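Enquirer: The sequence and its predicted three-dimensional model are supplied below.
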Amino acid sequence: MKAVKIKAPGGFDQLNLTEMDEPGKPGAGEIRVRLHATSLNFHDLIVTSGQSKPEDGRIPMSDGAGVVEAVGDDVSDFAEGDHVVSTFFPQWLSGPPRVSDFSGTPGDGIDGYAREAVVAKATSFTKAPSGWSHAEAATITTAGLTAWRALVVDGGLKAGDTVLTLGTGGVSIYAIQIAKMMGAEVIATSSSSKKLDRVRDLGADHVINYKEDENWGSTVTKLTGGRGADHIIEVGGPGTVGQSFRAVRIGGHIALIGVLTGVSGEVPTALLMQKQAKLQGLIVGSRADQEDFVRGLEHGGIRPVLDRSFTLDTLGEAFAHEQSGTHFGKIVAEW
């Protein structure tokens with residue numbers, strides 16, 4: 001079978017398509033999955049670019065979707081022919097967060113899903129939403145579940161709340177869709193007027209070009225009648241969190257998801273105290289969270305926004321496209 005492996009120290013030109021033996025029969029508690037798609041995330045970019053110093057020969061990609069080919073003994077959740085999607089933390093099945101690193105994350109600490117087939121523990125997958133393509137399902141693992149956990153699991157999103165999203169990456173786009181699906185108002189930001197037109201089409205109620213409005217936090221407060229946003233999808237990090245503190249309502253929730261502007265910086269602690277807001281870091285979610293998310297998707301009627309599709313042998317080009325920042329929604333690879 002075909003698989004992509006990273007040649008250390010990494011780099012988009014060091015993603016090599018190779019031949020591997022097909023996986024064998026699944027053992028007890030395992031399933032064999034014929035994979036057909038993956039989607040790109042910032043975490044995968046960090047790994048494949050070499051920034052996280054990946055192990056030589058590592059198979060990248062945390063997201064994988066495909067069809068169950070065989071099930072081992074003691075597997076009751078799946079049957080041959082089921083469409084499935086991988087989980088980001090196979091060892092975190094349910095309950096509060098239990099992991100703080102990526103040692104067990106596919107595509108990072110262990111081999112991922114840039115390959116044609118895999119045998120893995122059944123708990124490494126959930127069922128995919130009924131009727132979704134493999135490319136669509138592959139967007140759930142990281143970006144989709146992160147947005148769901150930020151808004152629903154941790155944030156307790158309810159109809160009538162106001163959600164502020166930053167940028168137009170995969171997590172932010174999913175957050176817009178989830179918020180609208182659940183009856184919330186959405187304020188979206190971007191530095192591109194064209195992308196803001198597209199988020200309006202997705203249902204955003206207000207849009208802000210943060211390059212033209214450097215004090216967008218105050219603008220959010222004005223748009224909400226002085227109250228502020230109930231939920232903020234904070235993907236920027238230290239370069240944007242100050243404005244997010246200005247934008248959040250008293251007692252509101254800021255989900256710290258990304259570090260696009262750096263891994264450390266000043267935090268206006270006095271303002272955070274004044275707002276009595278919650279700043280909560282998170283990394284994706286549990287398998288149980290993903291199962292809840294899939295049920296929500298099947299009833300909510302939304303579908304992911306796909307930007308471009310690549311193949312296994314053009315995975316390096318896909319990451320170069322992601323790094324360019326010109327994409328809108330999710331970049332996928334299919335085979």
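Expert: Structure's in. What do you need?
Enquirer: that's a helix at residue 299, yeah?
Expert: Yes - the assignment for residue 299 is a helix, going by DSSP: H, G, I helix; E, B strand; the rest coil.
Enquirer: now stretch 172-185: mean pLDDT?
Expert: Averaging pLDDT along stretch 172-185 gives 98.
Enquirer: center of this protein, which residue is that?
Expert: residue 143 (1.2 Å; Cα atoms, centre = their mean).
Enquirer: My guess is that one contacts residue 41. True?
Expert: Yes - look at residue 143 against residue 41 with Cβ atoms under 8 Å: they come within range, at 6.0 Å. In short, each C-beta sits where N, CA and C put it, glycine included.
Enquirer: care to break the chain down by domain?
Expert: 2-143+285-334, 155-281 (automatic domain parsing).
Enquirer: Include distance to residue 149 when you put those domains into JSON lines, please.
Expert: Output for the domains of the chain, formatted as JSON lines (distance: least, Cβ to Cβ, whole Å):
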{"stretch": "domain 2-143+285-334", "distance to residue 149": "4"}
{"stretch": "domain 155-281", "distance to residue 149": "8"}
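Enquirer: If you average pLDDT over each of those, which is lowest?
Expert: Looking at the domains of the chain, the bottom one is domain 155-281 with a mean of 93.
Enquirer: What is the distance between it and the centre of its chain?
Expert: The chain centre lies 17 Å from the centre of domain 155-281; the measure is Cα atoms, centre = their mean, to the nearest Å.
Enquirer: swap in stretch 68-88?
Expert: 22 Å.
Enquirer: Quick one: end-to-end length of that stretch, please.
Expert: 18 Å (Cα to Cα, to the nearest Å).
Enquirer: Mind listing what's buried along that stretch?
Expert: 68-72, 75, 78, 82-88 (16 or more other Cβ atoms under 10 Å).
Enquirer: same thing with stretch 160-171?
Expert: In stretch 160-171, counting by 16+ other Cβ under 10 Å, buried: 161-171.
Enquirer: repeat for stretch 53-65
Expert: 54-55, 58-65.
Enquirer: Stretch 271-280 now?
Expert: 272, 275, 277, 279.
Enquirer: Tabulate the CA atom coordinates of that stretch in PDB.
Expert: Provided in PDB are the C-alpha atoms of stretch 271-280 (Å, rounded to 0.1, in the frame of the first residue of the first chain):
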ATOM      1  CA  LEU A 271      -8.900  43.600  32.400                       C
ATOM      2  CA  LEU A 272      -9.500  39.900  32.700                       C
ATOM      3  CA  MET A 273     -10.300  40.300  36.400                       C
ATOM      4  CA  GLN A 274     -12.500  43.300  35.700                       C
ATOM      5  CA  LYS A 275     -14.400  41.300  33.100                       C
ATOM      6  CA  GLN A 276     -14.600  38.300  35.500                       C
ATOM      7  CA  ALA A 277     -14.200  36.300  32.300                       C
ATOM      8  CA  LYS A 278     -13.000  32.700  31.800                       C
ATOM      9  CA  LEU A 279      -9.900  32.200  29.600                       C
ATOM     10  CA  GLN A 280      -9.700  28.500  28.900                       C
END
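Enquirer: what sits up against that stretch?
Expert: With contact meaning Cβ atoms under 8 Å, 6 or more residues apart in numbering, stretch 271-280 is reached by 154, 228, 234, 241-242, 245-246, 248-256.
Enquirer: again, 10 Å this time
Expert: Stretch 271-280 is contacted from outside by 149-150, 154-155, 217, 228, 232, 234, 241-242, 244-257, 267-269, using Cβ atoms under 10 Å, 6 or more residues apart in numbering.
Enquirer: Where do the helices of the stretch 1-150 of the chain begin and end?
Expert: 42-48, 134-137, 145-148 (DSSP state H, counting those that start in this stretch).
Enquirer: now for the first one, which elements pack on it?
Expert: Using 3 or more Cβ pairs under 10 Å, 6 or more residues apart in numbering; DSSP states H and E as the contact criterion, the elements in contact with helix 42-48 are strand 2-6, helix 315-324.
Enquirer: Please identify the deepest-packed of those.
Expert: When you average the neighbours per residue for each of the helices and strands packed on helix 42-48 (mean count of other Cβ atoms under 10 Å), strand 2-6 leads with a mean of 21.
Enquirer: what sits against the closest residue to residue 119 other than its chain neighbours?
Expert: The shortest distance from residue 119 to any non-neighbouring residue, by Cβ to Cβ, 6 or more residues apart in numbering, is to residue 23 (4.1 Å). Going by Cβ under 10 Å, 6+ apart, residue 23 touches 1, 30, 32-34, 69-70, 115-120.
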